[in-house]
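S.K.: Build the 3D model from these lines:
(chains A and B)
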Amino acid sequence: MIAVIDYGAGNLFSVCNALTYLNISHEVTKDPETIERADAVILPGVGAFPAAMQDLAATGLIDIIKANAKKKPLLGICLGMQMLFDDSDEMGGAAGLGLIAGTVRRIPSEKVIIPHMGWNELVITQESRLLANIEKPVYTYFVHSYQAFCDDKNIIAYADYDGKVPALVTDGGFVFGAQFHPEKSGEKGLQMLRNFEEMAR
Amino acid sequence: MLAKRIVPCLDVRHGKVVKGVNFEGVKDVGDPVACAAEYNRQGADEIVFYDIVASHEGRGTFLDVVRETAKQVFVPLTVGGGISTVEDMRSTLRAGADKISINSAAVKNPQLISDGAEIFGSQCIVVGIDAKRDGKGGYTVYANGGRIDMHVDLLKWVEEIEQRGAGEICLNSIDTDGVRGGFDLEMLKAVCARVRIPVIASGGAGKLSDFATVFQETDATAALAASLFHFGELTIPQVKADCRSKGIPMR
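M.R.: Modelled structure (predicted):
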């Protein structure tokens, strides 16, 4: 069972629709015991970083999420991915979960349209079980204005948007993050969710 | 690099798919959820649902269609028609829409764009425009499905839309819609030159090469069509293959 953290994130229901469609057992939860019992955890997220961290803190789950990230797969999606990093300077700034070393800043290019919205191709720089059984080219659906800045060793794939936008990241252990929306990225995005469930077994 | 998007549009009336030609003479053609699922399977980059009746009584049925579709379709879903308040936006997004498209309501009350962008984020606010040549070398904006001339200059309107925080513009040319002679390249070029936000081309696709042409000739980031795909005259894979063979980035 995958625990989908319920702290009011906007994409919670599309993530659950995708999991239901894939027959992946999941529970939307803010209950610490359910998270402990789960085989894996998904942290959804849409909106602004400080407000989302505040909402997550209000659930009292931050320590439990961090502790579980050491023993079972955790997938952060979109803003949920950004929250895995140390901090962000969006709207006055806030600290993140600190599960992956790095920071979140506005997409720096002045040449491209912000938000980065649409289907972009993943440039895969590291093998990952998350990308198993997915044929190239892998286009996924992005909607965001801020991006992660982190070490290359934490990047599984990036998207080129007048610069390197980390798209799939990991701490090298159980923690993964997708800047794009796998639940809105067609069949290939669904396959990533299947792969994530496989990792949880 | 972002891929250009191919977007099928499903006009929905009383829970069924329809397509008007030049907005008049409507034929009934099927189950919207099944159609959307088929487009998803074919590789549509986004799907648009448009409630063409948009009556208060029919709203529930329409949102049920959106809700059902969101359970089966895993590409972005844009929903328009009859959205005239922030509350309409909220209920549509809650039903599972990723973006909401506002048209007449935005012309009549531009503040709706600003409010929507502020509350839900620019990325989910699409402003649809029905525009037509004014006979004096310019373009004018129409409301109510192309029936009412709002006497608003198109190029001034798109600037205001961008400045109010809309995430995208979906530009439908009344002059080319339903005629199938190709997208309105001239109108698209004029609009793309005025704004930085993405512009979706709508109205006029009639043959395979029309899609590649609109991407080669204008800065449109997506192309929308309805009946052409709906009656199976062209499939999305055919359109994408043609674009790809001409060097246009496609998913």
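
S.K.: Tell me the pLDDT of the spatially closest residue to residue B:173 that is not a sequence neighbour.
M.R.: Excluding the flanking residues, the one nearest residue B:173 by CB to CB, 6 or more residues apart in numbering or on different chains is residue B:184, at 3.4 Å. For every residue, glycine as well, the C-beta is placed using N, CA and C. Residue B:184 is assigned 97 on the pLDDT scale.

S.K.: Number of residues surrounding the residue of the stretch 151-251 of chain B found nearest chain A?
M.R.: Residue nearest to chain A within the stretch 151-251 of chain B: residue B:251 (3.8 Å; CB to the nearest CB). Residue B:251: 25 surrounding residues under other CB atoms under 10 Å in any protein chain shown.

S.K.: For the residue lying closest to it once chain neighbours are set aside, give me its contacts.
M.R.: Distances taken as CB to CB, 6+ apart place residue A:139 nearest to residue B:251, at 3.8 Å, with adjacent residues excluded. Counting by CB atoms under 8 Å, 6 or more residues apart in numbering or on different chains, residue A:139 touches A:119-122, A:185, A:188, B:3, B:251.

S.K.: picking that back up, so what's the residue nearest to residue B:173 up against?
M.R.: B:171, B:173, B:175-176, B:201, B:203-204.

S.K.: swap the cut-off to 6 Å and go again
M.R.: B:173, B:176, B:204 (CB atoms under 6 Å, 6 or more residues apart in numbering or on different chains).

S.K.: Grab the nearest non-local neighbour of the last one.
M.R.: Taking CB to CB, 6+ apart as the measure, residue B:204 lies nearest to residue B:176, with 3.2 Å between them; neighbours along the chain are not counted.

S.K.: Secondary structure class of the one you found, three-state.
M.R.: The three-state assignment at residue B:176 reads coil, by DSSP: H, G, I helix; E, B strand; the rest coil.

S.K.: ok, now the one 5 residues further on?
M.R.: Put simply, residue B:181 is coil when judged by three-state DSSP.

S.K.: want to throw the contacts of residue B:184 into JSON lines with pLDDT and distance to residue B:115?
M.R.: JSON lines is the format used below for the contacts of residue B:184 (pLDDT from 0 to 100; distance: CB to CB, whole Å):
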{"residue": "B:173", "pLDDT": "96", "distance to residue B:115": "28"}
{"residue": "B:176", "pLDDT": "93", "distance to residue B:115": "32"}
{"residue": "B:204", "pLDDT": "93", "distance to residue B:115": "32"}
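
S.K.: Pick out the residue in chain A sitting closest to chain B.
M.R.: residue A:139 (3.8 Å).

S.K.: how much space between that residue and residue B:5?
M.R.: Note on residue A:139: its distance to residue B:5, by CB to CB, to the nearest Å, is 10 Å.

S.K.: any idea where the strands of the stretch 1-150 of chain B begin and end?
M.R.: For the stretch 1-150 of chain B, the strands defined by DSSP state E, counting those that start in this stretch occupy B:5-13, B:16-21, B:24-28, B:47-51, B:77-80, B:99-102, B:125-133, B:139-143, B:148-153.

S.K.: Out of those strands, which gets the lowest mean score?
M.R.: strand B:24-28 (a mean of 42).

S.K.: any idea which helix or strand comes after the host helix or strand of residue A:16?
M.R.: Element membership of residue A:16, judged by DSSP states H and E, is helix A:12-21. Per DSSP H and E, the first helix or strand lying C-terminal to helix A:12-21 is strand A:26-29.

S.K.: that older thread, and the residue nearest to residue B:204, how far from residue B:132?
M.R.: Relative to residue B:132, and taking CB to CB, residue B:176 is found at 10 Å.

S.K.: With neighbour numbers in mind, choose between those two.
M.R.: Under the criterion of other CB under 10 Å, the comparison of residue B:176 against residue B:132 puts residue B:176 first, with 25 against 20.

S.K.: that older thread, pop out the phi and psi values for the residue nearest to residue B:204.
M.R.: phi -110, psi -10 (degrees, to the nearest 10).

S.K.: Now that it has come up, it's in contact with residue B:201, right?
M.R.: No. Look at residue B:176 against residue B:201 with CB atoms under 6 Å: they stay out of range, at 9.7 Å.

S.K.: List of residues touching stretch B:143-157?
M.R.: So stretch B:143-157 is contacted by B:23, B:104, B:107, B:130-131, B:139, B:141-142, B:174, B:194 (CB under 6 Å, 6+ apart).

S.K.: Show me the two of those that sit farthest apart.
M.R.: Pairwise distances among these were taken by CB to CB; the largest, 25.4 Å, belongs to B:23 and B:194.

S.K.: Return the residues of the stretch 51-200 of chain B in contact with chain A.
M.R.: With CB under 6 Å from any CB of the partner chain as the criterion, the stretch 51-200 of chain B meets chain A at residues B:70-71, B:74-76, B:123, B:196.
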